[in-house]
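Colleague: just a sequence and a predicted model for now, questions to come.
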Amino acid sequence: MILGGCTEVHEHTAAAIHDRDSVSVMTSYGVNTLISDSGVIKYKIVTERWDVNVVKNPSYWLFEKGVFFEQFDEKFHVEAYIQADSAKYYDQKKLWHLRGRVRIRNINGLLFESEELFWDGMRHELYSNVYSKVTTPERSMEGTYFLSDEHMTHYTVSNSKGSFQREDMTGEQNDTTTQKPGAQPDTAQVQPSLRPQLQKHRKNG
């Protein structure tokens, strides 16, 4: 007996993918390049992998294999070294988000250590809301709030404790870092108006 009939064939298809959010438009390996801003070379980047995604809103660069910077002054002299386990750079905002064993060492012997740091290229500030440690030849400070200029010459560590080698700078600190009259200043107190901005950046990051 021969059985015959009509069978309707259904084609199973997936929806077309129009959003390329997860796709990088450029992936580079073994990168060692100079980055400039307004025609001035600002720093050198060394990284194992560099992904660029311009479809995301906001667009960003991703350095998931770690990143190392050499930061330059106006005369192209190295003034600091920066490294992190991973980083994301929001190019439209000029905002870096560094994570995992973030380290900064400048030519003055300052060492910054934390697990997270934001670098705002528009405000020319570095800031963090997690535990951070700043060590200089004269002192060591720890706290859960950090704010500094890009050159790490004026900085604040608050909610902190500090130990000092100089006799006139011994003690604990529970608020913004300060110095006694007559001491050479190398810190700056946080202006109240900066605190809401820091919280806003933290949420956006």
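Modeller: Cool, got the structure. The model shown is predicted, which means the values in this text are computed figures rather than measured ones.
Colleague: now do the same end-to-end measure for stretch 35-45.
Modeller: 7 Å (Cα to Cα, to the nearest Å).
Colleague: do the same with stretch 86-96
Modeller: 11 Å.
Colleague: then stretch 62-69?
Modeller: Taking Cα to Cα, stretch 62-69 runs 14 Å from one end to the other.
Colleague: that one - what's its average pLDDT?
Modeller: Across stretch 62-69, pLDDT averages out at 95.
Colleague: quick one: buried residues of it?
Modeller: Judged by neighbour count using 16 or more other Cβ atoms under 10 Å, the buried positions of stretch 62-69 are 62-63, 66-69. From N, CA and C alone the C-beta is placed, and that goes for glycine too.
Colleague: which of those residues lies closest to residue 147?
Modeller: Compare each of those with residue 147 using Cβ to Cβ and the shortest gap goes to residue 69, at 19.4 Å.
Colleague: who does the nearest residue to that closest one once chain neighbours are set aside form a beta bridge with?
Modeller: In space, residue 69 comes closest to residue 82 once its chain neighbours are excluded; the distance is 4.0 Å by Cβ to Cβ, 6 or more residues apart in numbering. Beta-bridge pairing for residue 82 (DSSP bridges): residue 69, residue 104.
Colleague: okay then, goodbye and thanks.
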